[in-house]
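Visitor: output the structure for:
(one chain, ligands or ions: 2)
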Amino acid sequence: MEETKEIREFVFKITVLGEAAVGKTSLLNRFCEDSFQDDYKPTLGANIIRKDVNIEESTKVRLIMWDLAGQEKYNVIRSMYFQGCEGALLVYDVTRYNTFDNIKSRWLRDFKKYIRKEGVYVLIGNKIDLTNDRVVPTEKGKDLAEKIKASHFIETSAKLGENIEEAFLLLVKQILSNHGVNV
Ligand code: G3D
Ligand code: MG
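Guide: Ligands and ions are numbered 1, 2, ... in the order given. Predicted structure coming up:
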C-alpha cells in the first residue's frame, strides 16, 4: 500500500513596501499573472490579492498580499495594512538612489514598528532591465541587505519577469522556516 503524506497548509499575509513607483504593483501583478484578484477595495486604499503556491507536494501556502493603491500615504489604514503580516518584500528602484536610501530610514523602520519582531524581509532591487540608468550597484544592495539583516537580496525586473517568482519564494520559504517547517 502506498504511504500517504500529510499535507500541510498555511496562510500567510505579506506586504510589498517601498517608495512610489519602484514597481510594487508591477511585481505583484507579474507574480499573480494567472491568479485571482479578489476583494478589491478601492475605498480602503488597498488592493488585496491572493495566490496559492505549492512549495512541495505536501506543503501548500496561500499568500494574502496587500498592495497600496496609489499614494504611499497609508496612515489611515496602517494598522490594518500591517496586522498579521508575516513578512515583506522591501523594494527599491536601481535607477533612483533615494528609493534605496529610504529602505532603511523609512520602510524597514515602519516594518519593525508595526510588524511583530519575528517578521522576515527580503531586499529587492527592481528595474535591472534599465541598465543604462542604473545608479545603485549590485554590491551596494548586497551590503545593505547584510546591514539590515534581510534574509535575502535579489535583483529583479518586473518588466521582463526576471527573478520575480524567486523573490516571492525566498520570502515564503524563510517564513516557513521561521515556523519550523523545513523545505
Ligand atoms: P509602485 O506600485 O511601486 O508605485 P508601479 O510602482 O508598479 O506602479 O510601477 C511604476 C512604474 O515603473 C510603471 O511605469 C511601471 O511600468 C514601471 N516599472 C515597474 N517595474 C519595472 C521594471 O522592472 N522595469 C522597468 N523598466 N519599469 C518598471 P509607468 O510608466 O506605467 O508609470
Ligand atoms: Mg502601486
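Visitor: in the protein, which helix or strand is least confident?
Guide: Lowest mean confidence among the helices and strands of the chain (mean pLDDT, DSSP states H and E): strand 40-41, at a mean of 50.
Visitor: for this structure, which residues are neighbours of ligand 2?
Guide: The chain comes close to ligand 2 at residues 24-25, as judged by C-beta under 5 Å from the ion. C-betas here are computed from N, CA, C, even on glycine.
Visitor: residues of the chain that sit close to ligand 1?
Guide: Within reach of ligand 1 by C-beta under 6 Å from any ligand atom, the chain has these residues: 18, 20-26, 126-127, 129-130, 157-159.
Visitor: try it again with 8 Å
Guide: Contact residues (C-beta under 8 Å from any ligand atom) of the chain with ligand 1: 16, 18-29, 67-68, 72, 91, 93, 126-130, 156-160, 162.
Visitor: give me the subset of these lying in helices.
Guide: Residues of these located in helices (DSSP state H): 24-29.
Visitor: and the residue nearest to Val91 when sequence neighbours are not counted, how far is that from Tyr81?
Guide: Residue nearest to Val91 in three dimensions, not counting chain neighbours: Gly18, with 3.6 Å by C-beta to C-beta, 6 or more residues apart in numbering. Distance, Gly18 to Tyr81, by C-beta to C-beta, to the nearest Å: 14 Å.
Visitor: the two: which has the busier surroundings?
Guide: Ranked by neighbour count (other C-beta atoms under 10 Å), Gly18 and Tyr81 place Gly18 first, with 24 against 21.
Visitor: for that one, what are phi and psi?
Guide: phi 160, psi 170 (degrees, to the nearest 10).
Visitor: ditto for Ile7
Guide: phi -100, psi 130.
Visitor: check contacts around it.
Guide: By C-beta atoms under 8 Å, 6 or more residues apart in numbering, Ile7 lies in contact with 58-60.
Visitor: returning to that earlier point: and the residues of the chain next to ligand 1, which of them are buried?
Guide: For the residues of the chain next to ligand 1, a burial check counting by 16 or more other C-beta atoms under 10 Å picks out 16, 18-19, 22-28, 67-68, 91, 93, 126-129, 156-158, 162.
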